[in-house]
Every structure is written in C-alpha cells, then in structure tokens.
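# sequence and predicted structure below; questions after.
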Protein chains: 2
Amino acid sequence: MKDDFLYREISGNIARLIREKVLKAGDKLPSVRLLCQEHGISMNTAKRVFWELEAQSLIESKPQSGYFVSQLPYQRLPLPAISKPLPVGNNNEPDGLIKKIYSTRGKKGITYFSMGMPSSELLPLAKLNKEIMLATRRLPASGTEYEPLEGNENLRRMIASRSVSWRGNLRESDVITTAGCMNALSFCMMALAKAGDTIAMESPCYPGSLLLARSLGLKVLELPTHPATGVEIDALKKVINKINLCLLVPNFNTPFGSCMPEENKKEVVALLAKHGIPLIEDDIYGDLYFGTQRPKCCKTFDEEGNVLLSSSFSKTLAPGYRVGWVVPGKHKEQILKLKFVHALSSSSITHEAVANFLASGRYDTHLRKMRAALQQNYIRYIDAITEFFPEGTKVSRPQGGLALWVEFDKKVNTSDLFDIAIKQKISIAPGRMYTLQDQFENCMRVSLGLVVTEEVRGKLKVLGRMVRGMGDF
Amino acid sequence: MKDDFLYREISGNIARLIREKVLKAGDKLPSVRLLCQEHGISMNTAKRVFWELEAQSLIESKPQSGYFVSQLPYQRLPLPAISKPLPVGNNNEPDGLIKKIYSTRGKKGITYFSMGMPSSELLPLAKLNKEIMLATRRLPASGTEYEPLEGNENLRRMIASRSVSWRGNLRESDVITTAGCMNALSFCMMALAKAGDTIAMESPCYPGSLLLARSLGLKVLELPTHPATGVEIDALKKVINKINLCLLVPNFNTPFGSCMPEENKKEVVALLAKHGIPLIEDDIYGDLYFGTQRPKCCKTFDEEGNVLLSSSFSKTLAPGYRVGWVVPGKHKEQILKLKFVHALSSSSITHEAVANFLASGRYDTHLRKMRAALQQNYIRYIDAITEFFPEGTKVSRPQGGLALWVEFDKKVNTSDLFDIAIKQKISIAPGRMYTLQDQFENCMRVSLGLVVTEEVRGKLKVLGRMVRGMGDF
C-alpha cells in the first residue's frame, strides 16, 4: 500500500512537470536506478512510475537509451478518471440507443465518428480483390465446398506463424477459424458459461460483448478500468469468488484504447488460472499498436491453456470478409463441437484470400501504413478537440487501436447530443452504449478509423459548438 | 378411424397391384370421383389414397389428366416402417460416431456415400466464379465493409421474389440473411427456447439439428415419422403439451427424403399455432423436387407469423459460400438482435454473388439440370441396391432432396459396416447418427448428391458384399 501511494505520488509529480512544460518534449528522464536512489524506492516501484507515465503517453521509451518526454501534443488534455461501475451484476441494456445508432448506419453524406472499423481508404482493396479472384482458382471446387471443421489450413498456419510477434508460438493445430471475432467470442461464451453465470468485463466495454453475454443469460459484472492501463486488478481480485468467466480486451480495447502493462497481463492470467476461471481474451486490435513493438497478449503468459484468445482481420483488413479465429487452449473440443452445430463451416473464399494475402508478406507493409495513418488521425483529433471543445474535456490515451474516449462536463448528455448531431449529418457513439449501467452519459467514443480530413475537422468544430450549447461553457 | 383404416386398405391394395405389375408403368388410375363411387368413400378419403400412393412414388399426377402409375422402377423395393422412437426426451448423442465419420471428410480417393452436399460436378462453378469477381466490383468498398444487419438487400429481394413458387408472397423486409442454414436454425432455437425446454423433431433427423438443440441444453423429443409422408401428426398431437418448440423439415428432409402432404402441413401449422408453439421450418431441400411442382412450405399456411422458415443455398449452389436466410415471422426483432451479437454481418462477397446469380435468371436453369441429375442418381442407386444388396433391403421414397434411406436386416450393424468399408475407401453414414436414441443401427443414408458413375456402382457392389457378409443372406 505504501508503494502504491509512492508510485502514484511520484508519477503524478513528473506528469505535472511535463504538463507545465518544465520537462519538454524530447527531454530525457532519469534512469530507473537514479529514480530509486533519489526517492529511496524499490526497482519495482520505480518501474511502475515509468509504466504509468508511458501508459498516459506522457513519456516513451527508446531501446537502450531510456525514457524521454513524448513528442505528442496530447498531454495538454486531462485523462478521464478510472471508471467506477457498481460492483453488482447489472442489466440495463442500452437497446434502444444502439438500435437508433445502428439504424443510421451506412447512409451517404453522414460523417461517422461512431464507426467501429477502419475507413475503406485505409484498406488494400485492389490487392484483396486480386486475392479473392485467385482464391476461386486455388480452392478445390472453386471454394464452393465446406471447409474442414477447424478451418482453412493455410490461414491457420499463417495465424500460428504470426503469433511469434507476441511470443505466442502457436501451432496450426491450436487455431480454429470463425466468421469474425464476435463469432469466436460467441463460441467461447457458449462453451464456458451457462445462463445465470456471471462474467466480468472491463467498463466501459464493447456493446456487442455486453449484449452477447446478456443474450446467453449471463450476468455481467463490470470492472473498474483505467483509461490507459486497462482493468484494475485489485477490483478483479475483490470479485474473484463471484465470477465464472472473464472477458478482457487487454490491447487497445474499445472504447478506451487502453493497453494493459505486461506485468498486469501476467498477474491476471495467474490470478484467473489459480481460481479456475477461464479468460476470454479479445485481441482484435493487437496489431494496431502505435509504439515500436507489438504488445504481448495474456495468452503469451498462459501455461495452462486457460486463456481463449479471439481475434479477426475485421479491424485491419476487411470487416465484410468475416475472417476471425480462436485459440481455445484446453477447450478446443468444446469449441469445435459448437462450430459444428452453429456454423458448420466458414466462408471459404474470403478465408483463403486472407491466408494468401498474409503469405504474400503484404500484411506487414499494410499494417505499417495503417498504423501511421491511425496515429495521424489520433493527433488530428486531439488538435481539433483542444481547439473546438470546451476546456476540461478529457480524453483517453490510446496507444493503438481504433478508439478514442472523450469525456465532457457532466452537463453534457451525449445521447441527446446524438439526436442533435444526426440532424447535421454527424453520427457519434454515446458513452451509454458501452455499459449496462447508468454511467458515461457525458462521454463518447470517436473512431480513429475515420480519416480526419479538413472536412471532418470542420464537423468536429460543429460538434464542439453543439457541446458548448449543452452547458454554460 | 374407419376412414383411416379404409384409405390404408385401398391404397395398400392398389400398391400391391402395381408391385405385381397388374397395373403397369404409365397406366391411368381411376379418377377421385370414380374411386369414391366404387368404394363408397368420401372425397377426402379418396384423395388420401392418392396422396399416400404418390408419397410412395408409386403413382404421379399429371395436371388436368389425373393419376398414372409411376415410370420409376423403385416400387420393387419395400418401404421402411414408420419410425418408433421412444416418447421421452433422450440424450444419447452419437458423438464418437459423428467425429469418426467427419475425421475422414475431404480425403482424396474415398467414395463418399456419406456426403451431405451435391458433388461439385453438379454446380455451376464457372458462372459462380464470375459472379464473385463481379461482386467485388459492385459492392461498396469492394465488399470489405459490414453489411446492413438484415443482410444484403439484393439477396433479400431475390429470396422474397422467389417465394412466389411456394406461395410464400414474402417481402424483402421479411427476410434476414445468415451464414448458412445451420446459422439460421441456431438463431431460431436461441430466440425461442431456453435450457431445459423440449423441442420436437422428426426421427430420424439431421444430426446437426439434434446436436444444436443439445448444445443449447434442450431436450429433444423425437417423433414417429413416415418415410414418405414425414412426421406423424397424431404422434405430435399426443405430446403437444410436453413441448416448447418444434423443428420440422417438411420437404425432402434428410435422411428419409420424405415430403409432407399439403394437408399435413396445414394441419401442423394450425395445431402448433393453436398451442402457441413456434415452428422452425427447415426448407433447405425445397427447391430440389423431382416432381412437376415445387412443394409448398408450412410457412405458406402460416397466418400468425408463428413459423420461422430457414433455408440456404448450400444444397443447391455452394455450401462453402455460407449463404442462408431466415424468415422469422413475428420473431424478427429477436433474430436481428441475435444476429447482431453472434455474427454482426454475413460474408458480403458471397452473398452479393448469389444475389446476382439469382437475378440473372440462371438459378432456375441450373436447378432444372440439377434436379434431373439427382433423380438420375436416385434411379441408379435403386438399380444397384436391387442388384447387389440382400433381398429384403428397404429404401425410402425421396420425392426430392439429397438423401435416400436404406434399411437392412436387423443383423446388419452399419456402424460396424463403416469401419469395414472405410478400409476399402468407402465412406457411409450409419443410421445411428440420425437419432439420440438406440435405433436405426441397421440403416444408412446415401447421398443423391454423389454422381453414380460406373465406378461408384462398383463401390456399391463392394458394399453389397460387405453387407451380405454381416448376416447369412
């Protein structure tokens, strides 16, 4: 507890120095060793100070050189607080709201800050089309036949070989393909829980996961979550005896964009394994890191097969292709059985096309470009929010992914803001969508997948005016 | 009851006359009116006589001309009896057996009498490939985007417009697309039942449906089923107060290939509606009729939106495309919600490709050819079974679809036969797969989707020898 207090105090002090420009962009910070000596703290506490600052994107590490004050401008905007959902299973589904927002999907002329996928300008369409055509030639019977139950062999091999980047060291036989990530999550939840069970998730959290759990009759326990470092482990510990299952999005989850530090991942994996609680890990954003290295997964530290890793190419290549997968660990037989009865086979042509796109080596080139573009969008959002939105507007610190969380003054109701904005052909995603409780009414998620052009910047200006109109700013 | 006895007696007598060649192929039968006069029976009873004979493929009707003795040779082989499953929910899953059979799937050099789809020679591959390519050009963002939640608009319009053929008169807004028929059935069961509920199905029945129900924790009540006319309505009436849900495959179900007479469809729909029990209708084989007219669906007679019609193009165009749909009647909102959380979107390119294939008018041409080919396979099977298999072998009377049911003497165990046959590179589908009870051990399903070439005929000869070896024939 003393350490806990100390690292928060020290990191708070350094953060203030950065915000007040005493420490400037590019300045080198003292080494871990020096920090220990200066403050009389342990190595572990010193490391936590740097992780905390790094998680807030205030500093960045350079290999073999140490920590430096970040070049990015967004330290000007304050960070939202750790979420505080009620510690009880809640069931207040934002059904009407979600329906309303989805009913405006896919219309021309609307600017979709609400969209949960990359804009098609960021996708390698021509190359994908070519792969689709080649797939019809390469597959037996032109891809009209059912796939093997485990899924396309080439695809499973490529997914396994790519797992080296997060030290997954998977084999092809560890992977089962699915029709997208939601389909994978659906199989995992069905395999591991029954109606009446309790599942723990981050709060705020992707609405699809919340509603999926509810549709299976599960109670959802929302966990306090740090906007930069993800789920609060102490909070998870407190409810560990009340839950049957846990779903986390450790890397760049939506809507916060938070990323769990490696130590936290390790701790969560060990904690859940010790209590025999399976962990469903949704890693759909893992490849979209803004830093220099792909973050590891919880699965990286899973020695017992207790983690079911789910992901897809919907956020990096083609949402409409429905290409996802699950690495189910020791639950493989159950997942295969569920795939047999609920799906039978995936869509063979798109799965083969993605497999060959991966095999061509083009995926990494594409990802590099895409990550740069997303980070660029992020910076432009921050600029616009700083300029157009009321002072005191808080934003999360995504270190990757497609989501940025914006928190307004309590006077601003974003569900009302949706109604006003849609009339001006602006679609936003109100915070209330991301919870089963009455919270986040003054928040919204914006999509980093939307290219922030001058025109889009203009829409943010309009939106800023609307927000100002909702309070006396 | 007197009528029931009478129509069975009269139809039995006529059937004997046909088998003994007193009535020959092509002979005209007396009119309904004449039959009434001759036997002193009501019009309804006379009609039932003809339906029964037609269901057994002994006679066929010609528009405006009346009934004629069928040209087909298979009346020589006796019909299996009405199935007699135990009238209790049973749970004896043929897991090991199904796994064993699936593990041999997709290997070269094996003759798959067990396969549940049309051989690729029967599919319009070149035209489908062209449609796939065109779909990537026509769809926004080349098909990489999510579809609208209800599914591809063109496809839904085409499905609705085709429903005229079974007097469905659907509108586009009645249809929701899915990733194949199993996916549709999965949504329907999830929407309408909870763990512990009881679902009634035909017996024998498609294993996927049995296991799907079991995976959702449902109890399955198997119903006595006539090999030619489908589910026994009296049996359904007896258990009507014990069931929460009913799943039927009224048109050419697998494995019997039976087709419910129109009157039975009407009666079942009314019965279930009266008791507030939803009917899931699986019509996946409906387009594959051997007669002159597409059979109607139960949905045709559904006035209350109590029938959820599920189907796909997996048996007629491309299993690997995963293009299915559901017409959920009054349960539309629930199905949409389930699609949102379990699937989010279908695979856009294959759905658009099928939509355009339908719009081009090629589907009907293709179906005509395919139906003729399936019927040809059927006749060749019957020839080979008559020649190579022991006397007393019984077969069902499919009037369409992909399945033919073969019943051997009780001494023949088809699960053992599988083990013997697979060593000779012959894969069969043992009867035990199609039930959760200990029955049908002396039966097997053969696939009409397999083109019965001379080589395949040779395999049937080998199989016939194996069967003979299992008893003292």
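Sure, I can see it. Keep in mind the model is a prediction, meaning the values are calculated, not measured. Residues are numbered from 1 along each chain as shown, chains lettered A, B, ... in the order given.
# what does the stretch 201-350 of chain A put close to chain B?
Within the stretch 201-350 of chain A, the residues that sit near chain B (CB under 8 Å from any CB of the partner chain) are A:208, A:211-212, A:215, A:217, A:317-322, A:337-338, A:340-350. (Each C-beta comes from the backbone N, C-alpha and C, glycine too.)
# are any of those residues buried, and which?
Among these, those classed as buried by 16 or more other CB atoms under 10 Å in any protein chain shown are A:208, A:211-212, A:215, A:317-322, A:337-338, A:340-350.
# restricted to helices, list these.
Among these, the ones falling in helices (DSSP state H) are A:208, A:211, A:212, A:215, A:337, A:338, A:340, A:341, A:342, A:348, A:349, A:350.
# where does chain A have low pLDDT?
Applying pLDDT under 70 to chain A flags residues A:1-4, A:72-76, A:89-90.
# got the domain boundaries for it?
For chain A, automatic domain parsing gives the domain ranges A:2-71, A:95-120+A:367-469, A:125-363.
# which residues are contacting stretch A:194-201?
Applying CB atoms under 8 Å, 6 or more residues apart in numbering or on different chains, the contact partners of stretch A:194-201 are A:89, A:189, A:193, A:209-210, A:213, A:216-223, A:236, A:239, A:242-248, B:194-195, B:217.
# dump the residue contacts of the nearest residue to residue A:31 once chain neighbours are set aside.
Counting by CB to CB, 6 or more residues apart in numbering or on different chains, residue A:66 is the residue found nearest to residue A:31 once chain neighbours are left out, at 5.7 Å. Listed by CB under 8 Å, 6+ apart, the contact set of residue A:66 reads A:28, A:29, A:31.
# chain neighbours aside, what residue packs nearest to the first one?
Okay, so that is residue A:28. Closest residue to residue A:28 apart from its sequence neighbours, by CB to CB, 6+ apart: residue A:68 at 5.5 Å.
# for the one you found, give me phi and psi.
Here is the backbone geometry of residue A:68 (degrees, to the nearest 10): phi -130, psi 150.
# quick one: neighbours of it, just the number.
Using other CB atoms under 10 Å in any protein chain shown, residue A:68 is surrounded by 16 other residues.
# same check, this time on residue A:107
By other CB under 10 Å, 11 other residues sit near residue A:107.
# do the same with residue A:357
So residue A:357, with other CB under 10 Å, has 26 neighbours.
# and the helix or strand harbouring it, what does it pack against?
Element membership for residue A:357 (DSSP states H and E) is helix A:348-359. Contact analysis of helix A:348-359 by 3 or more CB pairs under 8 Å, 6 or more residues apart in numbering or on different chains; DSSP states H and E lists helix A:125-138, helix A:153-162, helix B:348-359 as its packing neighbours.
# who wins for proximity to residue A:432 among the ones you listed?
Closest to residue A:432 of these is helix B:348-359 (CB to CB; 29.6 Å).
# could I get the helix holding residue A:357 in PDB with only the CA atoms?
C-alpha atoms of helix A:348-359 as PDB (Å, rounded to 0.1, in the frame of the first residue of the first chain):
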ATOM      1  CA  SER A 348     -14.100 -20.500 -47.800                       C
ATOM      2  CA  ILE A 349     -13.200 -17.900 -50.400                       C
ATOM      3  CA  THR A 350     -12.600 -14.900 -48.100                       C
ATOM      4  CA  HIS A 351     -10.700 -17.100 -45.700                       C
ATOM      5  CA  GLU A 352      -8.400 -18.400 -48.500                       C
ATOM      6  CA  ALA A 353      -7.900 -14.900 -49.800                       C
ATOM      7  CA  VAL A 354      -6.800 -13.500 -46.400                       C
ATOM      8  CA  ALA A 355      -4.500 -16.600 -46.000                       C
ATOM      9  CA  ASN A 356      -2.800 -15.800 -49.200                       C
ATOM     10  CA  PHE A 357      -2.600 -12.100 -48.500                       C
ATOM     11  CA  LEU A 358      -0.800 -12.900 -45.300                       C
ATOM     12  CA  ALA A 359       1.500 -15.400 -47.000                       C
END
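# which residues outside it are in contact with it?
Outside helix A:348-359, the residues that touch it by CB under 8 Å, 6+ apart are A:124, A:127-128, A:131-132, A:134-136, A:138-139, A:143-147, A:151-152, A:154-155, A:157-159, A:162, A:177, A:313, A:317-318, A:321-323, A:363, B:132, B:320-321, B:347, B:349-350.
# check the residues you listed for burial and list the buried ones.
Buried subset of these (neighbour count, 16+ other CB under 10 Å): A:124, A:127-128, A:131-132, A:135-136, A:138-139, A:143-147, A:151-152, A:154-155, A:157-159, A:162, A:177, A:313, A:317-318, A:321-323, A:363, B:132, B:320-321, B:347, B:349-350.
# pretty sure residue A:227 contacts residue A:258?
Yes. Residue A:227 is within contact range of residue A:258, at 5.8 Å (criterion: CB atoms under 8 Å).
# so what sits against both of these two?
Contacts common to residue A:227 and residue A:258, judged by CB under 8 Å, 6+ apart, are A:396, A:397.
# so between the two, which is more surrounded?
Neighbours were counted for residue A:227 and for residue A:258 using other CB under 10 Å; residue A:258 has more, 28 against 24.
# give me every residue in the stretch 1-150 of chain A lying close to chain B.
Residues of the stretch 1-150 of chain A lying near chain B (CB under 8 Å from any CB): A:95, A:102, A:105-106, A:117, A:120, A:123, A:125, A:128-129, A:132-133, A:136-137, A:139-149.
# mind running it again at 7 Å?
A:102, A:106, A:117, A:120, A:123, A:125, A:128-129, A:132-133, A:136, A:141-149 (CB under 7 Å from any CB of the partner chain).
# number of residues surrounding residue A:247?
For residue A:247, the count of nearby residues is 27 (other CB under 10 Å).
# and what about the residue lying closest to it once chain neighbours are set aside, helix, strand or coil?
Take residue A:247 and drop its neighbours on the chain: the residue closest to it by CB to CB, 6+ apart is residue A:280, 4.4 Å away. Recorded secondary structure, residue A:280: strand (DSSP: H, G, I helix; E, B strand; the rest coil).
# quick one, phi psi at residue A:311?
Taking degrees, to the nearest 10 as the convention, residue A:311 sits at phi -160, psi -180.
# in contact with it, which residues are there?
A:181, A:283, A:284, A:286, A:324, A:325 (CB atoms under 7 Å, 6 or more residues apart in numbering or on different chains).
# measure residue A:377 to residue A:451 for me?
Distance, residue A:377 to residue A:451, using CB to CB, to the nearest Å: 6 Å.
# quick revisit: how far off helix A:125-138 does the helix or strand just after the helix holding residue A:357 point, in degrees?
Going down the chain from helix A:348-359, the next helix or strand is helix A:362-388, by DSSP H and E. Here helix A:362-388 runs at 150 degrees with respect to helix A:125-138, directions being taken by axes from the mean of the first three to the mean of the last three CA atoms, to 10 degrees.
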